[in-house]
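1. Give me a 3D structure for the following:
(2 chains, ligands or ions: 2)
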Amino acid sequence: MYRLALNMLFGDRAKLAMLLCGLSFSALLMAQQSSVFFGIMSWTYTPMVNIRASIWVSDSEVEQVNDAKPMRDTDVSRVRSVDGVSWAAPLHSSIMQARMPNGKFKLISLVGIDSDTFAGAPATLTQGNIEDLRLPNTVLVDEWGANLLGHVVIQPDGSEKIIPLQIGDTFELNDTEARIVGICRVKRAFTGGPFVYTTYDRAKAYTANVRRALSYVLVEPREGVSIDDLRLRIERETGLKAWTSDTDLWHWKEGSLARSTFWWFWKNTGIPFSFGTAVLLGLFVGIAISGQTFYSFVLENLKYFAAIKAMGASMGVLARMLLLQALTAGLLGFGLGVGMAQAIGRGMIEKGMPPFVMYPQILWATFVLVLGISFTSALIGMVKVARVDPASVFRG
Amino acid sequence: MSTATNIVTAVRIHGVDKSFGPAESAVMALKQVEFEARQGELIMLVGPSGCGKTTLLSVIAGTLRADAGTTEVFGQRLDGLTQEELTAFRRKNLGFVFQSFNLIPTLSVRENVMVPLLIQGTSYAEAAAKAGEILAKVGLEGREDGSATALSGGQQQRVAIARALVHEPPLLICDEPTSALDKDTGGKVMEMIRELSHSPKRCVIVVTHDQRIFRFADRIAEMEDGRISRVVDDPRQLETPSY
Ligand SMILES: Nc1ncnc2c1ncn2[C@@H]1O[C@H](COP(=O)(O)OP(=O)(O)O)[C@@H](O)[C@H]1O
Ligand SMILES: [Mg+2]
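-> Ligands and ions are numbered 1, 2, ... in the order given. Sure thing, here's the model as predicted:
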């Protein structure tokens, strides 16, 4: 009987198409919107991913990584003197204007790293050599930024082409020359601006007007010292705030700056609300279209269900038939919708905009919701079939 | 040799009332009905529209509960059974042929015929084989895999007959099986019902007001205004019925 139930479902192509449209559209909307949501949220703590250090020490007022409160240079040595610290290095982070050779200004994200240890340097340099940062007036630019800051040339056929910045190109920061000695690959950030890396001391020079240039102190514990113990000890002894640098959304730890950043954006921006709305919309559209279509599928087949009932099918069998039909449609809709979301996401990742992170958890949640929609539809169908009078089969 | 046969009662209805609607404006569809059908016979239930034929058939089929009286089918009292027991009873004992065919349009001819077997728990392969056999008997060989609704009315009713008999039920119930068909087709369909269903172990009850098929009946019970008015052995005894 269950095979017939499926054939009944697949026999009506138009209805099935409608059903799958509704279900896959809501799956698409839910999966895609939550993936973009998590993508954007993951951009909020990008510095935590790009700049690797076990412990980040900040001013005690700091709540999220993008909003560093300046500290005194002497704080670096205060942190260094805490027992268990292997090394501690200064980090500068700020947003500033870069003046390009064509005279235009562009916003950039300036990162100043310790010139002795290069602590916090990007993990991957696609061109150039990190040591060259020790030469006067030198910077690294990230790949994406190199493109964004590149200059536009009009080609003979009239089309525009962007020539990315290359090693040797220069621009100005605060009227001081910045010469590119390397191109790095880093994760993009919520704050937008391309990343320009330089040494901590030169970052101070570039931001001449800023009195305190120290944003964070990056710390590595000595061999055998636990990150958590050291973090708490630094906080106790310096009165500063010390954070862990883990970035795994689903397993982050006590004192994670990424987590604090995530929740700061959650509470203080409209991002969760707008994406939550889209996800809810997907859910409602799914319930409306799929519920409605499945309901009309049941309604259209009601006299046949009544006939099957008259012929002696128990309500249990009929209920399982409906459930099978609804869940099959749900599974197909889920597969199609998530497939489409993946395809769209791929396209987005290639363009780098907007960010897209489809966690397995998103797939599970979408799966549960879509099957929930199907299940609800099946229940409504069951009520209808349970109520139909088998005697009605004799009436035209 | 003696030709005397044992008459075995298949269906016995005694003192059955059935009314529809609220008490003050109730329609009495069945009034103290007395009715019997025997094993091995094809009995027709005839009478004008609205006289209660379908209602009586529904009570016999166990799809409708009477308000009063007793309903006995193959010695089994239906009036005491629970809904589940009634369902199981229908599954085992009944074949249905409806006026409006009630074939499932999204299923193939063969799958439609398989339904009663599948409901009984027969495997798909076995049900398919049995459906194929009986479809050959109703002359629809080669049409098994097509859509049921692509067939003509007469052919659809033949599919319905195959479906009603595929699980070899002891009781076959047909409500106006020819009234959606033209005269010739209706005659042929009735002939087929008679030919395929007739068996010493089976009771066939056909509701109709189509006089041209009266001749296929062993006996005819005439209904009038919720009562069985008379039962005859020969249609000629019903001179010029008013319907
Ligand atoms: N479900 C119902 N609700 C209300 N009245 C009904 C219902 N079924 C039958 N009736 C009434 O009962 C009477 C007998 O109907 P029915 O058994 O269908 O007659 P027949 O089949 O002989 O034409 C009619 O008056 C009809 O209107
Ligand atoms: Mg009727």
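
2. Would you list the phi and psi of the residue lying closest to A:L133 once chain neighbours are set aside?
-> Spatial nearest neighbour of A:L133, chain neighbours left out: A:T199 (5.7 Å); criterion: Cβ to Cβ, 6 or more residues apart in numbering or on different chains. Where C-beta positions appear, they are placed from N, C-alpha and C, glycine not excepted. Dihedral pair for A:T199: phi -80, psi 160, per degrees, to the nearest 10.

3. Break down the stretch 201-350 of chain A into its helices, ranges please.
-> Counting by DSSP state H, counting those that start in this stretch, the stretch 201-350 of chain A has helices at residues A:227-238, A:257-268, A:271-286, A:292-300, A:302-310, A:315-351.

4. any idea which helix or strand comes after the last one?
-> This points to helix A:315-351. Following helix A:315-351 in sequence order, the next helix or strand is helix A:360-387 (DSSP states H and E).

5. what about the strands in the stretch 101-250 of chain A?
-> In the stretch 101-250 of chain A, strands defined by DSSP state E, counting those that start in this stretch lie at A:105-113, A:124-128, A:138-142, A:151-154, A:160-163, A:170-173, A:176-185, A:195-199, A:216-221, A:241-244, listed in chain order.

6. Between those strands, which one is closest to ligand 1.
-> Across the strands of the stretch 101-250 of chain A, ligand 1 has its closest neighbour in strand A:241-244 (72.5 Å, Cβ to the nearest ligand atom).

7. pull the CA atoms of the closest one into PDB?
-> Provided in PDB are the C-alpha atoms of strand A:241-244 (Å, rounded to 0.1, in the frame of the first residue of the first chain):
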ATOM      1  CA  LYS A 241      40.900  42.000  30.300                       C
ATOM      2  CA  ALA A 242      42.400  38.800  28.900                       C
ATOM      3  CA  TRP A 243      40.600  36.700  26.300                       C
ATOM      4  CA  THR A 244      40.900  33.300  24.700                       C
END
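
8. Near chain B, which residues of chain A are found?
-> Contact residues (Cβ under 8 Å from any Cβ of the partner chain) of chain A with chain B: A:1, A:3-4, A:7-12, A:301, A:303-304, A:307-315, A:317, A:389-391, A:393-396.

9. at 7 Å what do you get?
-> A:1, A:3-4, A:7-8, A:11-12, A:303-304, A:307-308, A:310-314, A:317, A:390-391, A:393-394, A:396 (Cβ under 7 Å from any Cβ of the partner chain).

10. Show the buried residues in those.
-> A:1, A:4, A:8, A:11-12, A:303-304, A:307-308, A:310-313, A:317, A:390-391, A:393-394 (16 or more other Cβ atoms under 10 Å in any protein chain shown).

11. in the chain, which segments are predicted with low confidence?
-> Looking at chain A here, since you left the chain open. Scanning chain A for pLDDT under 70 picks out A:191-192, A:209-210, A:352-353, A:396.

12. wait, chain B
-> Counting by pLDDT under 70, chain B contains low-confidence residues at B:1-5, B:239-243.

13. So what does B:S179 have for phi and psi?
-> B:S179 has phi and psi values of phi -80, psi -10 when expressed as degrees, to the nearest 10.

14. Could you check which helix or strand contains the residue nearest the centre of chain B?
-> Nearest to the mean C-alpha position of chain B, by Cα atoms, centre = their mean, lies B:I173 at 1.1 Å. Following DSSP H and E, one finds B:I173 within strand B:171-175.

15. Contacts for the following helix or strand past that strand, please.
-> Sequence-wise, the next helix or strand downstream of strand B:171-175 (DSSP H and E) is helix B:183-197. The contact list for helix B:183-197, computed with Cβ atoms under 7 Å, 6 or more residues apart in numbering or on different chains, reads B:42, B:137-138, B:153-154, B:157-158, B:161, B:165, B:172, B:174, B:177-178, B:181, B:204, B:210, B:212-213, B:216.

16. Go ahead and build a ChimeraX selection from the buried members of these.
-> Typed into ChimeraX, the line below selects the buried ones among these, using 16+ other Cβ under 10 Å:
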select /B:42,138,154,157,158,161,165,172,174,177,178,181,204,210,213,216
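
17. so of the contacts of helix B:183-197, which ones are in helices?
-> Members of the contacts of helix B:183-197 lying in helices (criterion: DSSP state H): B:K137, B:G153, B:G154, B:Q157, B:R158, B:I161, B:L165.

18. Contacts only, for the second one.
-> With contacts defined as Cβ under 7 Å, 6+ apart, the neighbours of B:G153 are B:A180, B:L181, B:T185.

19. what do you get if the cut-off is 8 Å, keeping everything else the same?
-> Residues counted as contacts of B:G153 (Cβ atoms under 8 Å, 6 or more residues apart in numbering or on different chains) are B:F101, B:A180, B:L181, B:D182, B:T185.
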